[in-house]
Every structure is written in structure tokens, then in C-alpha cells.
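Engineer: Next comes the sequence, and after it the predicted model I'd like to discuss.
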Amino acid sequence: MKFDEIQIRVRYGETDQMGVVYHGNYALYLEMGRIEWLRKLGVSYKKMEEDGVMLPVVSLSINYKKSAGYDDLINVKTQLKNKPTAKIEFEYEITNEAGEVLTTASTTLVFMDTKTNRPTRAPKYILDLID
């Protein structure tokens, strides 16, 4: 699976006084997309952490094109950029109901061993699911 898409209805609390999504909330939308991408691949983020591997974000880049507002239905497309190594990279595109691109983004996360707090290679079961 190279990409996945989810839809999110913008809630009032995610907006500023002008009814526009606060810029920091886009990072949450990206996380939601990434978690669902993993889930649909067959990977539970929670189980992965219980097994001693966490995925902290080490790089985040967001390009804002247009605003999303309260009660908008937005689509978050999450795409795997490369085959994971000790890191995993995603690209995102957030669009509105009209298909207009609101935001593009990318993240890099590193597989970390929770016991050593050191980077580790992607778990084999994840690599097997991606192939």
C-alpha cells in the first residue's frame, strides 16, 4: 500500500476567531493520516510501541496554500515516500470537498528502540507488509 486517504470534519475548536483552521492543527491531521495509513497496512501503532519501537517525528514541513474552515470536510492523502530503513518518510496532500489543494506536507519519523533510545531498523513485519 503506497497511499491512503481519510476524511476529517473540521471542528469548531480547531479554528481561530475567524473560523479558519489554526495552523498547528494541521500537524494533528497529518498524524491522523499516518496512524490510519499504518492501521490499514495492518500495523497497530500502539502494539508497535508495546513491542518496544516508537516513531518520533524528526522533520515536519508544511506548505499552506488555502485555508480550511469550520465544518469543512477535508481529505488527507498520506503517501509513503520511500521504503523504510531506520526512518520512514511520508508526503501528504490535504484537499477540500471541491478537490482544491489546501496544504502539502512531508514528515520524517525514525524507528527508535524504547529500551536504548537509539535508532533501529524498521521492524521486519512492517517491511514485509510494504513489499
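Structural biologist: Received the coordinates, thanks.
Engineer: Which parts of the chain are helices?
Structural biologist: Read by DSSP state H, the chain holds these helices, from start to end of the chain: 25-41, 45-50, 124-130.
Engineer: can you tell which of those helices is closest to residue 101?
Structural biologist: Using C-beta to C-beta as the measure, helix 25-41 is the one of the helices of the chain that comes nearest residue 101, at 12.9 Å. Where C-beta positions appear, they are placed from N, C-alpha and C, glycine not excepted.
Engineer: Using CSV, list the CA coordinates for that closest one.
Structural biologist: Extracted C-alpha coordinates of helix 25-41, given in CSV (Å, rounded to 0.1, in the frame of the first residue of the first chain):
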residue,chain,number,x,y,z
ASN,A,25,-3.8,21.7,13.9
TYR,A,26,-2.5,20.6,10.5
ALA,A,27,0.2,18.5,12.3
LEU,A,28,-2.6,16.6,14.0
TYR,A,29,-4.4,16.0,10.7
LEU,A,30,-1.1,14.6,9.3
GLU,A,31,-0.7,12.3,12.4
MET,A,32,-4.3,11.1,11.9
GLY,A,33,-3.5,10.2,8.3
ARG,A,34,-0.3,8.5,9.2
ILE,A,35,-1.9,6.4,12.0
GLU,A,36,-4.7,5.3,9.7
TRP,A,37,-2.1,4.5,6.9
LEU,A,38,-0.3,2.2,9.3
ARG,A,39,-3.6,0.7,10.6
LYS,A,40,-4.8,-0.1,7.1
LEU,A,41,-1.4,-1.6,6.3
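Engineer: what residues does it touch?
Structural biologist: Helix 25-41 is contacted by residues 1, 3-6, 8, 14, 44-45, 48, 60, 62, 64, 74, 76-78, 80, 90, 92, 94, 103, 105, 107, 109, 126, 129-130 when judged by C-beta atoms under 8 Å, 6 or more residues apart in numbering.
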